[in-house]
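Student: This is a predicted model, with the sequence first.
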Amino acid sequence: MKIEIANRLNGIGEYYFSQKLREIEGLNKQGETVINLGIGSPDLAPDAAVVGTLQNESRKPNVHAYQSYKGVAALRNSIAAWYQKWYGVTLDPVTEVLPLIGSKEGIMHICMTYLNEGDEALVPNPGYPTYSSAVKLSGGKPVYYHLKEENEWAPDFDALEKIDLSKVKLMWVNYPHMPTGQQASKELFEKLVVFGKKHQILICHDNPYSFILNDHPMSLLAVEGAKEVVIELNSLSKSHNMAGWRVGMLCGAKERIDEVLRFKSNMDSGMYLPVQLAAAKALELNDDWHDALNAQYKKRREKVFELLDLLQCRFSKEQVGMFVWAKVPSNYKDGYELSDEVLYNARVFITPGGIFGSEGNGYIRISLCSTVENLDAAINRIRIKTKVNK
């Protein structure tokens, strides 16, 4: 019997990393040991007090029921306090904060809440592939705006003003930017708010990387008047090593939170209470936590710089976040060719930049979510097994 898949899946392929991890798993089963420097899944543990809170709360007999769709007050209060402390943003924890089961689900919730068939959304190129997939799955059409190195990976607002924006309802933005590591700036954030207000476009800011190797975390909501036109996703996945815990948040004006909640409340039954209480504990961690975490990433980044020098790639040492983005040398057609050579000859996986859009074709991305020892091993393999420097 043949069952037809829904039309909404036309043009939606399996996520690149899902495919590549399966290939890597196959190589490993053949006796190879692939060093995976591709995916940004933190390998370090959450703070011990956070894990302890989860353990202690889970032992209680009355914590295993369904939870509120809006999350418990303790978590919402902690999110609001965290935004105030680190970003200087005042949020009403009752009306302007919505905990999420990971911020990735929030991307889908937002698209399903606001996009009708034929509506358009501005999507960065290069950018996180899920933005485009969520827009398509919701019936909308992605309109890609090009980010270029010569423009410091910022939107070209002059170019955007020249296109037909009449069907555009959303604009996806992400600073610090993934995959390029471009830092946020007050000037850029102010331009985004002005642009959104001028064209009645909801600016959707995805902000999970602001604490990694970045001395000045910023929120787009800190811009004066931003709540009129901005909603912001954030996450504990990267900042607190809690990727598998699936704890994210959506912050914005009450009206936007209520609108997204109409969709979200039909999709899940709330987050496990001990996870919420442990997340609240994580948000109370002070500078020492972030300093210690970033000290680890700094050591790893130096090794990645060494690896990229070996590959003769060009890169900026000013980028932030948990990846390093680099231009491939001219003797390679694109990042895919370099990635394949390193994988099949040295058994080291690095991400080709083209998976993030056509503007990433000439680049690669390396994750910092691997030990210094693994990075040293990758450097040695590449030096011995590939044609670089030969």
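Tutor: That came in fine, so what should we check first? Numbering: from 1, shown residues only.

Student: can you give me the strands for the protein?
Tutor: Residue ranges of the strands in the chain, as given by DSSP state E, are 35-36, 97-100, 120-125, 141-146, 168-173, 202-206, 230-235, 248-251, 314-315, 323-327, 348-349, 351-352, 363-367.

Student: elements contacting the last one?
Tutor: For strand 363-367, the elements it packs on are helix 287-310, strand 323-327, helix 335-346, strand 351-352, judged by 3 or more C-beta pairs under 8 Å, 6 or more residues apart in numbering; DSSP states H and E. (Each C-beta comes from the backbone N, C-alpha and C, glycine too.)

Student: ok, now which ones touch Ala378?
Tutor: Shown in contact with Ala378 (C-beta atoms under 8 Å, 6 or more residues apart in numbering): 35, 37, 307, 346, 348, 370.

Student: buried subset of those?
Tutor: 35, 37, 307, 346, 348, 370 (16 or more other C-beta atoms under 10 Å).

Student: Would you point out the most distant pair within the residues you listed?
Tutor: The distance between the two most remote of these (C-beta to C-beta) is 14.5 Å, for Ala346 and Ser370.

Student: just checking, Gly357 touches Pro126?
Tutor: Yes - at 4.2 Å, Gly357 counts as touching Pro126 under the criterion of C-beta atoms under 8 Å.

Student: Pick out whichever of the two has more residues nearby.
Tutor: Pro126 (26 against 21; other C-beta atoms under 10 Å).

Student: these two touch, right, the more buried one and Leu147?
Tutor: Yes - counting by C-beta under 8 Å, Leu147 is a contact partner of Pro126 at 6.3 Å.

Student: residues shared between the contacts of these two?
Tutor: Common neighbours of Pro126 and Leu147 (C-beta under 8 Å, 6+ apart) are 180, 359.

Student: Relative to His205, which of the helices and strands packed on strand 363-367 is closest?
Tutor: Across these, closest to His205 is strand 323-327 (C-beta to C-beta), at 18.6 Å.

Student: who does the closest one pair up with?
Tutor: Applying DSSP bridges, strand 323-327 is found paired with strand 314-315 (antiparallel), strand 363-367 (antiparallel).

Student: for the record, mean pLDDT for the last one?
Tutor: Mean pLDDT, strand 363-367: 97.

Student: same thing with the first one?
Tutor: In this model, strand 314-315 carries a mean pLDDT of 97.

Student: from here on, count from 57
Tutor: Yep, numbering from 57; the last one is strand 370-371 now.

Student: Return the distance of that strand from the chain's centre.
Tutor: 22 Å (C-alpha atoms, centre = their mean, to the nearest Å).

Student: ok so, going back, for Lys218, find the nearest of the strands of the chain.
Tutor: strand 197-202 (11.4 Å).

Student: Can I get the strands of the chain in CSV including distance to Trp138?
Tutor: Below are the strands of the chain laid out as CSV (distance: least, C-beta to C-beta, whole Å):
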stretch, distance to Trp138
strand 91-92, 31
strand 153-156, 10
strand 176-181, 26
strand 197-202, 30
strand 224-229, 21
strand 258-262, 16
strand 286-291, 9
strand 304-307, 9
strand 370-371, 31
strand 379-383, 24
strand 404-405, 34
strand 407-408, 30
strand 419-423, 25
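
Student: Any idea which of these gets closest to Arg357?
Tutor: strand 379-383 (6.4 Å).

Student: Okay, angle between that closest one and helix 343-366 too, please.
Tutor: With axes from the mean of the first three to the mean of the last three C-alpha atoms, to 10 degrees applied, the angle from strand 379-383 to helix 343-366 works out at 30 degrees.

Student: hmm, who's touching strand 379-383?
Tutor: With C-beta under 8 Å, 6+ apart as the criterion, strand 379-383 contacts 96, 205, 234-237, 357, 360-361, 364, 367, 369-372, 375, 409, 418-424.

Student: The least confident helix or strand in the chain by mean pLDDT to helix 391-402, inter-axis angle?
Tutor: Lowest on mean pLDDT, DSSP states H and E among the helices and strands of the chain sits helix 72-85, with a mean of 78. Using the same axes, to 10 degrees, the direction of helix 72-85 lies 10 degrees away from that of helix 391-402.

Student: tell me how far helix 72-85 is from the chain's mean position?
Tutor: Worked out by C-alpha atoms, centre = their mean, helix 72-85 lies 21 Å from the chain centre.

Student: same question, stretch 387-401
Tutor: 24 Å.

Student: what's the answer for stretch 377-386, then?
Tutor: Here stretch 377-386 is found 17 Å from its chain centre; the criterion is C-alpha atoms, centre = their mean.

Student: you'd agree Tyr200 is up against Gly413?
Tutor: Yes - contact status for Tyr200 versus Gly413: in contact at 6.7 Å, counting by C-beta under 8 Å.

Student: anything in contact with each of those two?
Tutor: Common neighbours of Tyr200 and Gly413 (C-beta under 8 Å, 6+ apart) are 180-181.

Student: Ile219 and His202: what is the separation?
Tutor: 11 Å (C-beta to C-beta, to the nearest Å).
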